[in-house]
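[1] only the shape, not the letters, is given here:
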């Protein structure tokens with residue numbers, strides 16, 4: 001019986017991933033909601049739902065999912081990147097420092113895939129330059145960038 005449930009979960013995950021890849025957000029979200037309902041303690045399902053909610057402009061809900069995924073699995077690479085994206089998208093006073101910290105945490109993850117690294121670097125590039133010690137603004141933060 002447990003094996004049947006695992007097979008069903010895998011099929012649902014594949015269906016959600018396919019719908020996400022093909023841009024069918026509503027269908028993907030519906031499937032991911034079923035996955036979360038079956039196993040709400042899965043950082044993977046929470047990260048998938050976070051990504052979908054972020055794409056739909058639901059920044060607070062997306063941030064809640066990314067944060068919950070990180071509570072369940074600290075250092076979960078996709079959740080780290082999504083948290084940074086959610087904070088950046090929400091904007092508002094005082095969020096820039098939190099976004100920078102989230103990006104730093106994401107880029108420090110040894111499990112980061114190339115695609116997730118590029119996503120984190122895009123968030124970093126969207127931030128204003130940080131001032132350096134003498135008051136000038138620094139470069140992009142990229143290695144070898146002139147400031």
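    Thanks, I have the structure now. Being a predicted model, the structure only gives us computed values, none of them experimental.
[2] low pLDDT regions in this protein?
    Scanning the chain for pLDDT under 70 picks out 130-147.
[3] please name the nearest non-neighbouring residue to the spatially most central residue of it.
    Closest residue to the average C-alpha location of the chain: residue 82 at 1.5 Å, with CA atoms, centre = their mean. Leaving aside its chain neighbours, residue 82 sits nearest to residue 66 (4.2 Å; criterion: CB to CB, 6 or more residues apart in numbering). To be clear about C-beta, it is placed using only N, CA and C from the backbone, and glycine gets the same treatment.
[4] what sits against the one you found?
    Residues near residue 66 by CB atoms under 8 Å, 6 or more residues apart in numbering: 46-47, 50, 79, 82-83, 86.
[5] redo that, cut-off 7 Å
    Listed by CB atoms under 7 Å, 6 or more residues apart in numbering, the contact set of residue 66 reads 47, 50, 79, 82-83, 86.
[6] how many neighbours does residue 68 have?
    Neighbour count for residue 68, taken as other CB atoms under 10 Å: 19.
[7] in terms of helices and strands, where is it?
    Secondary structure from DSSP states H and E places residue 68 in helix 59-72.
[8] following element in sequence after that helix, please.
    Later in the chain than helix 59-72, the nearest helix or strand by DSSP H and E is helix 77-90.
[9] what packs against that following helix?
    Secondary structure elements in contact with helix 77-90, counted by 3 or more CB pairs under 7 Å, 6 or more residues apart in numbering; DSSP states H and E, are helix 43-55, helix 59-72, helix 95-107, helix 114-126.
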